[in-house]
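Predicted model follows, preceded by the sequence.
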Amino acid sequence: MSGISWKTAGESHGRGLIGIIEGIPAGLTISEQSIQHELKRRQKGYGRSERMKIEKDHAEFISGIRFGQTIGSPICLYIENKDWVNWSEEMATFGSPPADLEKVTVPRPGHADLAGSLKYHHLDIRNVIERASARETAARVAVGAVAKQLLEFFNLRIFSEVIQIGKIRHTNPVWKNLQSISENDLGTAINQIEKSVVHCSDEAVANRMIEAIDTARERGDSLGGRVTVIALHAPIGLGSYSQWDLRLDGLFAQTLMSIPAIKAVEIGMGSELADHYGSEVHDEIFWDKQTTKYFRKTNHAGGIEGGVSNGEPIIITSTMKPIPTLMHPLSSVNIEQKTPEKRYKKRSDICSVPSAAIIAEASVALVLADQLCKKFGGDSIGEMKDNMENVLYDRQLDILQTFSLGDWRLGLTD
Ligand SMILES: Cc1cc2nc3c(=O)[nH]c(=O)nc-3n(C[C@H](O)[C@H](O)[C@H](O)COP(=O)(O)O)c2cc1C
């Protein structure tokens, strides 16, 4: 079966962004409200720049949806850049550059600026900045929101939590308690995360994260951190050990690493595994006579073994480096004069980890939707549902997780 593919286009200060997602079966009801809701979630978060006050992202659907349902053709969406009005001359697609155009000639350390301008032989680094910018992730979140709706149809639920900002770590994040948490408590924790300006379930830890961001701001500095994405109810058997490029963990790593500033991706306990004996970390297998199903008491593997989903919640943690544009900038070189120079900026995020959590959710959703379509896909949603029920229930591969969170995502207030 073929899966899902997606692309984005657009420059940060160009007219707008485009997202295209192909392979979503026909007949899936799409809620426009929840797409806009995801875009809003990406723009929130303590530590973001003034740009977020200018941009009020809204996805306009151009194709692939009719009367609120997918029709099996490519879904194309457009997000206008509200800031374009201030850049229309500098970023004009045709015509000559304005007489007073100021070329960008000082590359920022930690950005694609130097390597990108040398690679493409750009003499104005703006040609690099514009596409390398994380503005692209708005389109990714919008196509990811479509993927999320396919997953939700099959009861897969995705949420995320910020577990570290700078040196402030959340040592008891939600994912570590999933084996024992009640459905009610999980719902409460998710609501708490959504209300938190740093996307963290623990208020005391969140307050310390906010303080850390304030301190970085005062220093003219920036911070990174870590976010965990949790996918509930992914069925057994997504991905494969049979070829290197089919492994589910590898697919997640590629997609999450492609988010600007993400520098490490870990599955389950991740790098912590190296601190333990094997007997302490491998999730033992048990058989439940009543339900006639296998079960685990732990999920250190994060729901993936041998590149295949094993029916446990999928847990993926991504590490974001500190934002590279600093109010007290680092040393660089003017590429025309070859003289030392620092590039001063008026506006940049100090910490974007809470937004990265939403982008990571979208990325995980895109991988899972692709895998779900590859395993169970059909041309219509009904066909896909039949395929899924045949495979899962006939072969008793239906999963043991029983979180039925209902419409928790849509019910959230902005
Ligand atoms: C949501 C989000 C917002 C970001 N905002 C900024 C920003 O305001 N200023 C900045 O210098 N980098 C920002 N970044 C990080 C850069 O885009 C990224 O570090 C840069 O493109 C270089 O890519 P690399 O870090 O993957 O090497 C942001 C990243 C994300 C995911």
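Sure thing, it's come through. Numbers count the residues shown, from 1 in each chain.

What segments of the stretch 51-200 of the chain are helices?
51-54, 113-120, 126-132, 136-153, 183-195 (DSSP state H, counting those that start in this stretch).

Look at the residue of the chain most remote from its centre and report its pLDDT.
Residue farthest from the centre of the chain, counting by C-alpha atoms, centre = their mean, is residue 99 at 40.0 Å. We have a pLDDT of 95 for residue 99.

Pick out the shakiest of the helices of the stretch 51-200 of the chain, pLDDT-wise.
Lowest mean pLDDT of the helices of the stretch 51-200 of the chain: helix 51-54, a mean of 69.

my read: residue 82 touches residue 43, true?
No - shown here, residue 82 and residue 43 do not form a contact pair, counting by C-beta atoms under 8 Å, at 11.5 Å. (Glycine included, C-beta is placed from N, CA and C.)

Residue 22 touches residue 2, doesn't it?
No - contact status for residue 22 versus residue 2: not in contact, 9.0 Å apart, counting by C-beta under 8 Å.

quick one, strands of the stretch 1-150 of the chain?
5-9, 16-22, 59-63, 65-66, 69-70, 75-80 (DSSP state E, counting those that start in this stretch).

Quick check: end-to-end length of stretch 345-359?
Start and end residues of stretch 345-359 are separated by 25 Å (C-alpha to C-alpha, to the nearest Å).

What of stretch 99-113?
Stretch 99-113: ends 23 Å apart by C-alpha to C-alpha.

and it, which residues are buried?
104, 105, 106, 107, 108, 111, 112, 113 (16 or more other C-beta atoms under 10 Å).

Could you pull up the contacting residues of the fourth one?
In this case it means residue 107. 113, 114, 117, 125, 332, 333, 335, 343 (C-beta atoms under 8 Å, 6 or more residues apart in numbering).

my guess is the fifth one meets residue 341, correct?
Looking back up the chat, that one is residue 332. Yes - in this structure, residue 332 is within contact of residue 341 by C-beta under 8 Å, at 6.0 Å.

tally of neighbours for residue 347?
By other C-beta atoms under 10 Å, 10 other residues sit near residue 347.

which SSE is it in?
For residue 347, there is no enclosing helix or strand under DSSP states H and E.

how about the buried residues of stretch 99-113, which pair is most distant?
105 and 112 (15.3 Å; C-beta to C-beta).

Filter the contacts of residue 107 down to the buried ones and hand me the PyMOL line.
Of those, the buried ones go into a single PyMOL selection, burial set by 16+ other C-beta under 10 Å:
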select buried, resi 113+114+117+125+332+335+343
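
Is it possible to get a markdown table of the contacts of residue 107 that adds distance to the ligand?
Formatted as a markdown table, the contacts of residue 107 follow (distance: C-beta to the nearest ligand atom, whole Å):
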| residue | distance to the ligand |
| --- | --- |
| 113 | 9 |
| 114 | 11 |
| 117 | 14 |
| 125 | 12 |
| 332 | 13 |
| 333 | 18 |
| 335 | 17 |
| 343 | 11 |
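
Could you report the pLDDT at residue 389?
pLDDT at residue 389 comes out at 83.

Kindly provide the distance from it to residue 376.
9 Å (C-beta to C-beta, to the nearest Å).

Have a look at the two and say which one is more surrounded.
Neighbour count, other C-beta under 10 Å: between residue 389 and residue 376, residue 376 has more, with 23 against 12.

Would you agree that one is in contact with residue 383?
No - here residue 376 does not reach residue 383: they are 9.1 Å apart, not a contact under C-beta under 8 Å.

sorry, back to before: which one, of the strands of the stretch 1-150 of the chain, ends up nearest to residue 261?
Among these, strand 5-9 sits nearest to residue 261 (C-beta to C-beta), with 16.7 Å.
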